[in-house]
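Trainee: Whatever this is, show me its structure:
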Amino acid sequence: MPDFRCSLASLTDDEPIIGTAPTDPEILLVESPGPWGRDAVADNRLPEAVRDHLGGLDLKVLLLRRYDGGAGPGTHVFHARATADGFDVRGTVLERPEDLLGLDLAALPAYDGPLWLVCTNGKRDRCCAEVGRPIAGLLAQEWPEGTWETTHLGGHRFSGTLLSLPSGLTLGRLDTATALAACEAVDRGEVPTAWVRGRAGRPGVDQVRELHVLAGGDPADEVVAVPGPARRQSCGDDKVKGTTSFEVRPAR
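Mentor: Now for the predicted structure:
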């Protein structure tokens, strides 16, 4: 099926997006201009020692690049750790990528300002490149310092998808007609529920519970993860994988 598009199939099937945000509680973001391979952390233009270092870390690693292909001076690095309200984000600019090898992440200065991390790795999934890159270009006009293309967030089939920091809100099924307004809402401290997959850094059940309560639901209601239908989840391969859906059961 060379013309298969996972995001269109997911939308056509009305697959729920709630509860699908990344659950990783700790994320390292490293600037890496130029092309990325399917396994971007291993296949990029960073020095071999840096690639090996990143591949051995026990946390989520995402690579970053600018929409316009620009780079430097230096290598931007951000470290984000989940908190009760979102993420604590810290960052710096290294003189060279090799400086990452001895970097004390806990000592990085706090980073102020929004980050918009738009999934665009076409080697991983065509939908991310086809839908994500125009969104990154649009957001870069509004937030030139805070907008980055990034590697695998998970959930290609919800393209265009992005992770916003420090809120941790992960948005999906965006396009160039909706992305700017959705991100402006997040920047104001709002939760644009029509496009929210969940708040990253939390289990899916907790993501769904937060959105349920925001919609006026009873906080005492139970949220249960249940097996969803198996489906092809990516344009990058034809594997069929199981999914997870969520049920809200009224409190008794």
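
Trainee: Could you use CA atoms for every contact and neighbour count after this?
Mentor: OK.

Trainee: Show me the strands in the stretch 1-150 of the chain, by range?
Mentor: 26-31, 60-65, 75-82, 87-94, 115-119, 147-150 (DSSP state E, counting those that start in this stretch).

Trainee: List of residues touching the third one?
Mentor: It refers to strand 75-82. For strand 75-82, contacts defined as C-alpha atoms under 8 Å, 6 or more residues apart in numbering pick out 25-32, 87-97, 105, 166, 200-201.

Trainee: let's see it at 7 Å
Mentor: Contacts of strand 75-82 with the rest of the structure, by C-alpha atoms under 7 Å, 6 or more residues apart in numbering, involve 25-31, 87-97, 105, 201.

Trainee: same deal with the shortest one?
Mentor: For strand 147-150, the surrounding residues in contact (C-alpha under 7 Å, 6+ apart) are 62-67, 115-121, 136, 139-140.

Trainee: Only C-alpha atoms, please: export that strand in PDB.
Mentor: Provided in PDB are the C-alpha atoms of strand 147-150 (Å, rounded to 0.1, in the frame of the first residue of the first chain):
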ATOM      1  CA  THR A 147       9.900  26.300  17.400                       C
ATOM      2  CA  TRP A 148      11.800  23.100  16.500                       C
ATOM      3  CA  GLU A 149      11.300  20.200  14.300                       C
ATOM      4  CA  THR A 150      11.900  17.000  16.300                       C
END
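
Trainee: Check the offset of it from the chain's centre.
Mentor: Taking C-alpha atoms, centre = their mean, to the nearest Å, one finds the center of strand 147-150 at 10 Å from the center of the full chain.

Trainee: before we move on, back to that, dump the strands of the stretch 1-150 of the chain into a markdown table; add mean pLDDT and mean neighbour count as well.
Mentor: Written out in a markdown table, the entries for the strands of the stretch 1-150 of the chain read as follows (pLDDT from 0 to 100; neighbours: other C-alpha atoms under 10 Å):
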| stretch | mean pLDDT | mean neighbour count |
| --- | --- | --- |
| strand 26-31 | 98 | 21 |
| strand 60-65 | 97 | 22 |
| strand 75-82 | 98 | 21 |
| strand 87-94 | 98 | 19 |
| strand 115-119 | 98 | 27 |
| strand 147-150 | 98 | 27 |
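
Trainee: nearest to residue 10, of these?
Mentor: Between residue 10 and the strands of the stretch 1-150 of the chain, the shortest gap by C-alpha to C-alpha is with strand 115-119, which sits at 16.9 Å.

Trainee: which outside residues touch the closest one?
Mentor: For strand 115-119, using C-alpha under 7 Å, 6+ apart, the contacting residues are 128, 132, 136, 146-153, 161-165.

Trainee: ok, the contacts of strand 147-150 vs residue 50, which is closest?
Mentor: residue 63 (12.1 Å).

Trainee: residues contacting the nearest residue to that closest one once chain neighbours are set aside?
Mentor: Counting by C-alpha to C-alpha, 6 or more residues apart in numbering, the nearest residue to residue 63 once its immediate chain neighbours are dropped is residue 30, at 4.9 Å. Residues in contact with residue 30, defined by C-alpha under 7 Å, 6+ apart, are 62-64, 76-78.

Trainee: Give me the below-cutoff pLDDT ranges for the stretch 1-150 of the chain.
Mentor: Within the stretch 1-150 of the chain, the stretches with pLDDT under 70 are 1-2.

Trainee: if we go to 80?
Mentor: 1-2, 72 (pLDDT under 80).

Trainee: What about residue 127, how many residues nearby?
Mentor: Taking other C-alpha atoms under 10 Å as the criterion, the count of residues near residue 127 is 27.
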